[in-house]
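Student: A predicted structure for the sequence below; I have some questions about it.
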Amino acid sequence: MEEVRVRFPPSPTGYLHIGGARTALFNWLFAKKHNGRLILRIEDTDEERSTQASIDGIIDGLQWLGIDWDEGPYFQTDFAADHVAAANRLLASGHAYKCFCTKEELEKKREAAMAEKRSEVGYDGTCRHLNAEQVRAKEAQGIPATIRFKVSNRPGTLFYDDEVLGRIERTYSEIEDFVIVRSNGKPLYLLCNVVDDIRDRISHVIRGQDHMTNTTRQVLLYEALGAKLPVFAHMPLTLDLQKRKISKRSHGEVVAVQFYRDMGFIPWALCNFLCLLGWNPGTDREFFSREELVETFSLSRISRVNSVFNFKPGDAKFFTDPKLIAINEHYLRTMDPAELGQLVRRELEAENLWDPAYATSRSDWYLATLDLIRDRFHTLKDFVTAGRAYFSDQYAIDAKPLAKNVLKQPELAVWLPQLAERYTVLAEFNALSTEQACRGLADALAVKPGVLINGMRTVLTGQLAGPSMFDIVATLGRERVVARLRRTADLFAAP
RNA sequence: GGCCCCAUCGUCUAGUGGCCUAGGACAUCGGCCUCUCACGCCGGUAACAGGGGUUCGAGUCCCCUUGGGGUCACCA
């Protein structure tokens, strides 16, 4: 195979959403798999809607996901001269013509056609047959003109072989003469995109099925420009539960890549989830490292069916697709502790809970603690919320465990400080010795150990649930445990 | 409406004519484990859109119907 060159060409008119991220991911995977190159090209020819904030957001999002590119970012507007030159070539070779119809006239015609449910809603070809004289006359009058591509009126069909869909055919007569240059002289997407792909020597165009009608027209452009066709691969779209195309406008934050970073997702977990949306390896395998996925990926296993992003607005537990949450949890529990340590470090830093010693003298303690508590967490955020008591003495006591495990048992205000005293005199302070001391006290008081254990869990961590109690005690250390247990009475004084 | 694409559990999907009594994952339900809650493990519920063909045999091939999606801009 010749050199593989693919591209991700977002238009900077909004934030990077998961559909776009998936397209970028598939291109990245394909490039890596074939030792090819991924080109990032910002298609900013829509001056009115393109923004710098969007460009920054897209780049940040890709970087966060770990999708790196080999060339670019190129900016489409920097190549305006290429696009204009191509349009002029098309004009000169008779593949395009000037059209003097106004936008308003065309809209009126189109609306009328739509209203009457006529099939021919496309351009009617008014200016297609203007002779040189007529064109000169119109120009002399100063009437602005767009440039339209002259679609061959030969009978039959045009086709291309899609890597995922197979042969796609369309009859020439169904394709209207489309505009390639605005009346203000600025070339349009259909043309720019092809000119850039030719210049960038793109070998494979991997994009959404929403581009399929563009592709048939662009095939015409490649032909007219005398360029070799790239291989096309149209990916299925991602829809919502109502089967509608997802967009930030109608779905809000959940479809923005940024959201997942803010919610504490592991970047690769999102990638892993996204790749499973519309692609599968043909085996039962669902978790892949980067290397494994690059190795396994292939265009031919991309699904032809649109997939649904299973998100139910208003569901607190499943604030995004449950499978994505499950995949994130899986990585949270199984990933290399040191790597997890880096991710959690950022969360701790953001909360001013990071102690530089965690990277040096207390590194063992830090990683062991993460390993102890990671099992019941869902996202990276949990380390600084539910897990806050492990890193700070300023932590909230949840109302539910407070009521259930502490307030119901007023004697704990005395018992827990008593336990603290027993802990002070322990020769060895570890999970075993603290458990023995605790059960010993329970015996002496003639209460079930659970009363003491659940009470101390609440006092020590503020949480209803958590790891095995005496592992927590050992992790927190004698000083913190004793201090916290001694203050138990304070909880009863609260308003 | 025209054209194009698509159609297996709630969701993501396996399935390329016999290995399908339709498999896996998530979700859900039940059980085990247990100081809590998880994790983990075990088990259950749950799908071939409908109708015609072709064939000894169809989830798999063909046709029709239905349904869904995309697109029809001087946006990208």
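Tutor: Done, it's in. Numbers count the residues shown, from 1 in each chain, chains lettered A, B, ... in the order given.
Student: so for stretch A:10-26, what's the average pLDDT?
Tutor: Averaged over stretch A:10-26, pLDDT sits at 94.
Student: cool, and stretch A:99-118?
Tutor: The model assigns stretch A:99-118 a mean pLDDT of 77.
Student: Just give the nearest non-adjacent residue to A:Phe429, would you?
Tutor: Distance criterion CB to CB, 6 or more residues apart in numbering; nearest residue to A:Phe429, sequence neighbours excluded, is A:Arg478 at 4.4 Å. In this view, the C-beta of every residue, glycine as well, is placed from N, C-alpha and C.
Student: Same question for A:Gly66.
Tutor: Setting aside the residues directly before and after it, A:Gly66 is nearest to A:Pro267 in space (CB to CB, 6+ apart), at 5.4 Å.
Student: list the contacts for the one you found?
Tutor: A:64-66, A:261 (CB atoms under 8 Å, 6 or more residues apart in numbering).
Student: Between the residues you listed, identify the one with the most neighbours.
Tutor: Among the contacts of A:Pro267, the one with the most neighbours (other CB atoms under 10 Å) is A:Leu65, at 21 neighbours.
Student: my read: that residue touches A:Thr23, true?
Tutor: No: counting by CB atoms under 8 Å, A:Leu65 sits too far from A:Thr23 to count as a contact (12.0 Å).
Student: State the distance from A:Pro410 to RNA strand B.
Tutor: 19 Å (CB to the nearest atom of the strand, to the nearest Å).
Student: ditto for A:His211
Tutor: From A:His211 over to RNA strand B the distance is 6 Å, taken as CB to the nearest atom of the strand.
Student: so that residue sits in a strand?
Tutor: No: using DSSP: H, G, I helix; E, B strand; the rest coil, the assignment for A:His211 is helix, not a strand.
Student: Could you report the neighbour count for the residue lying closest to it once chain neighbours are set aside?
Tutor: The shortest distance from A:His211 to any non-neighbouring residue, by CB to CB, 6+ apart, is to A:His234 (6.7 Å). For A:His234, the neighbour count with other CB under 10 Å is 21.
Student: Spit out the contact partners of A:Trp69.
Tutor: A:8, A:28, A:38-40, A:62.
Student: repeat that with 7 Å
Tutor: Contacts for A:Trp69 were tallied using CB atoms under 7 Å, 6 or more residues apart in numbering; they are A:38-40.
Student: Got the phi and psi for it?
Tutor: With angles defined as degrees, to the nearest 10, A:Trp69 sits at phi -120, psi 160.
Student: what about A:Ser250, distance to A:Leu239?
Tutor: Distance of A:Ser250 to A:Leu239, computed by CB to CB, to the nearest Å: 12 Å.
Student: Comparing those two, which residue is more hemmed in?
Tutor: When neighbours are counted by other CB under 10 Å, A:Ser250 and A:Leu239 differ, and A:Leu239 comes out ahead with 15 against 11.
Student: so what's A:Leu402 closest to, chain neighbours aside?
Tutor: Of all residues not flanking A:Leu402 in the chain, A:Thr458 sits nearest, at 6.1 Å (CB to CB, 6+ apart).
Student: Then A:Ser433?
Tutor: Spatial nearest neighbour of A:Ser433, excluding adjacent residues (CB to CB, 6+ apart): A:Leu426 at 5.3 Å.
Student: The residue nearest to A:His211 and A:Glu163 touch, don't they?
Tutor: No: counting by CB atoms under 7 Å, A:His234 does not reach A:Glu163; the two are 8.3 Å apart.
Student: got the phi/psi numbers for A:Lys245?
Tutor: Torsion angles at A:Lys245 (phi, psi; degrees, to the nearest 10) stand at phi -60, psi 130.
Student: swap in A:Gly72?
Tutor: Backbone torsions for A:Gly72, taken as degrees, to the nearest 10, come to phi 100, psi -170.
Student: Would you map the strands across the stretch 201-350 of chain A?
Tutor: Assigned by DSSP state E, counting those that start in this stretch, the strands in the stretch 201-350 of chain A fall at A:204-208, A:231-235, A:238-239, A:307-308.
Student: Mind giving me the packing neighbours of the last one?
Tutor: Using 3 or more CB pairs under 7 Å, 6 or more residues apart in numbering; DSSP states H and E as the contact test, no helix or strand touches strand A:307-308.
Student: Other residues contacting it?
Tutor: Strand A:307-308 has contacts (CB under 7 Å, 6+ apart) with A:236, A:238-241, A:243, A:277-278.
Student: Of the strands of the stretch 201-350 of chain A, which is nearest RNA strand B?
Tutor: strand A:307-308 (3.2 Å; CB to the nearest atom of the strand).
Student: got the buried residues for stretch A:377-386?
Tutor: Buried positions in stretch A:377-386, judged by neighbour count with 16 or more other CB atoms under 10 Å: A:377-384, A:386.
Student: Next, the contact list for A:Pro337, please.
Tutor: Contact partners of A:Pro337, counting by CB under 7 Å, 6+ apart, are A:367, A:370-371.
Student: Okay, now the unreliable bits of chain A?
Tutor: A:1, A:114-121, A:494-495 (pLDDT under 70).
Student: which residue of it sits farthest from its center?
Tutor: Distance to the chain centre peaks in chain A at A:Ala444, reaching 56.7 Å (criterion: CA atoms, centre = their mean).
Student: How about the residues of the stretch 251-400 of chain A by RNA strand B?
Tutor: Within the stretch 251-400 of chain A, the positions near RNA strand B by CB under 7 Å from any atom of the strand are A:276-280, A:282, A:284, A:286, A:301, A:303-308, A:310, A:317, A:321-323, A:325-326, A:329-330, A:333, A:375-376.
Student: Which of those are buried? Put it as a PyMOL command.
Tutor: Buried residues among these (16+ other CB under 10 Å), as a PyMOL selection:
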select buried, chain A and resi 276+277+278+279+306+307+308+321+325+329
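Student: Which members of the residues of the stretch 251-400 of chain A next to RNA strand B are positioned in helices?
Tutor: Counting by DSSP state H, these place A:322-323, A:325-326, A:329-330, A:333 in helices.
Student: A:Phe297 contacts A:His34, correct?
Tutor: No: A:Phe297 is not in contact with A:His34 according to CB under 7 Å; the separation is 9.8 Å.
Student: Could you check which of these two is surrounded by more residues?
Tutor: Taking other CB under 10 Å, A:Phe297 and A:His34 do not tie; A:Phe297 has more neighbours (21 against 17).
Student: Tabulate the contacts of A:Pro337 (TSV), appending distance to A:Leu191, neighbour count and secondary structure.
Tutor: As requested, these are exported to TSV (distance: CB to CB, whole Å; neighbours: other CB atoms under 10 Å; DSSP: H, G, I helix; E, B strand; the rest coil):
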residue	distance to A:Leu191	neighbour count	secondary structure
A:Leu367	55	17	helix
A:Leu370	53	22	helix
A:Asp371	56	14	helix
